[in-house]
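> just need the structure, nothing else, for what follows:
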Amino acid sequence: MSKDRINKVHDALSRSNLDALVLNPGASQLYVSGLHFHLMERPVILIIRKGGTQAIILPELELQKLADLPYEINNYPYGENPEEWSLAFKKAMSDLDLDGKVIGMESLSLRMMEYGYLTEAAREANFQDAQELISSLRLTKEDNEVTALREAVNIAQNALVNTLPLIRVGMSEKEIAGELSLQLFRSGSQPELPFSPIVSAGLNAANPHAVPTDRKLKEGDLLVIDWGARVDGYISDLTRTFAIGEVDPEMVKIHNVVREANAAGRAAGEPGKSCAVVDMAARNVIEKSGYGKFFTHRTGHGIGMEPHEEPYMRGDNLQIMQVGMTYTVEPGIYIPDINGVRIEDDMVVTKTGSESLSNMDRHIRVIG
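Next comes the predicted model:
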């Protein structure tokens, strides 16, 4: 698979004005190379040169990761002395004849440290943002990628099913998040979760990206749980909202509105339509209900190896959906200082429409 993806990059470079592409550790480097590195104080740079050459600058201690690769790669290792690291960069850029050339990079990923080493090693090079190029390679998912996403969804759903019976009035948001994380691992998620679970109740649930606190669950709270798992590098991202005991009737109404908006957004996606259609379908339901000003974010975002990637389901995004695109539908209503609701599912565009990879019940459920 990594050999095919290396070839995809070379094909993309041949159609571009770029002479090479440089990638930092992260989703794109892993997607292209199949090599697992993490951002740290030691730089690791993958270089793909137009014409069929690839190289990697890396610490000596990481060399074993290059064994048995299904493609050729030149390696430029360095030791522990930071004063000597620039030599590896200069050697690589010289061997690949990249000084004075046009080099693409991911603006969302390349750090100042690596950029400094690269520009010092190739002072006449022209560095350009290649975010769009690499995103286009990852935009539509192959069958094996969708299979991994589907399994990540199943693991996440099983983990929450196992967590819900343990939730009681008086438990803190942190306690629930910790238990859910444990259940995710027990259900089969990779140790690196796609994100820390969001567990927020009552007035905290009115913050879409709340961080779990020591606040304890109370009767009448709505409890928002936003969580996901990782399988073979691919992630799930789901949200369900629960009632803690008897809640205000208006909160039940809001939950029903969000559930209807979620259903409308899920039904709207199909190949040939714009991403904006998904956003508008969900948003129209909430606006007609009178809660439009309380829906404060886009309806969804792409998922794959990262929790947020292209395509983005915004009302102004005219990008056309294609078979194999994967994304979330996650409308919400957030009443400041009172409560909040969000319902989120993971979707894949099919030949005839779109399929929800998640099927956990979306109706309001009383727990605790």
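> what does the one helix or strand Gly265 maps to rub up against?
In this assignment (DSSP states H and E), Gly265 forms part of helix 249-268. Helix 249-268 is contacted by residues 222, 241, 243, 277-286, 289, 291, 295, 299-300, 313, 329-333, 335, 339, 341-345, 347, 353-354, 356, 362-364 when judged by Cβ atoms under 8 Å, 6 or more residues apart in numbering. In short, each C-beta sits where N, CA and C put it, glycine included.
> narrow those residues to just the buried residues.
222, 241, 243, 277-283, 285-286, 289, 291, 295, 299-300, 313, 329-333, 335, 339, 341-345, 347, 354, 356, 362, 364 (16 or more other Cβ atoms under 10 Å).
> what's the domain layout of this protein?
As recorded under automatic domain parsing, the domains making up the chain are 2-138, 143-367.
> just send the ones you listed back as CSV, with mean pLDDT too.
Listed next are those as CSV, based on pLDDT from 0 to 100:
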stretch, mean pLDDT
domain 2-138, 95
domain 143-367, 97
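> out of those domains, deepest packed?
domain 143-367 (a mean of 20; mean count of other Cβ atoms under 10 Å).
> helices and strands around the helix or strand where Phe89 lies, which ones?
Secondary-structure assignment from DSSP H and E places Phe89 in helix 85-95. On a contact count with 3 or more Cβ pairs under 8 Å, 6 or more residues apart in numbering; DSSP states H and E, helix 85-95 meets strand 45-49, strand 53-59, strand 74-78, helix 112-121.
> list the neighbouring strands of the next helix or strand after it plus their orientation.
Proceeding N to C from helix 85-95, the next assigned helix or strand is strand 102-105, under DSSP H and E. Taking DSSP bridges as the criterion, strand 102-105 forms sheet pairs with strand 20-23 (parallel), strand 126-129 (parallel).
> can you tell me what sits against strand 102-105?
13, 16-23, 115, 118, 122, 125-130, 133-134.
> can I get that strand in CSV, CA atoms only?
Extracted as CSV, the C-alpha positions of strand 102-105 are listed here (Å, rounded to 0.1, in the frame of the first residue of the first chain):
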residue,chain,number,x,y,z
VAL,A,102,10.4,24.6,-5.9
ILE,A,103,9.6,22.5,-2.8
GLY,A,104,6.1,21.9,-1.5
MET,A,105,5.3,21.6,2.2
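> next one: the helix holding Gly265 to chain centre, how far?
Put simply, helix 249-268 sits 24 Å off its chain's centre (Cα atoms, centre = their mean, to the nearest Å).
> do the same with stretch 236-256
For stretch 236-256, the distance to the chain centre is 25 Å (Cα atoms, centre = their mean).
> give me the residue at the spatial middle of the chain.
Note on the chain: the residue nearest the mean C-alpha position is Pro307, at 1.6 Å, using Cα atoms, centre = their mean.
> can you pull the contacts of Gly116?
With Cβ under 8 Å, 6+ apart, Gly116 has no contacts at all.
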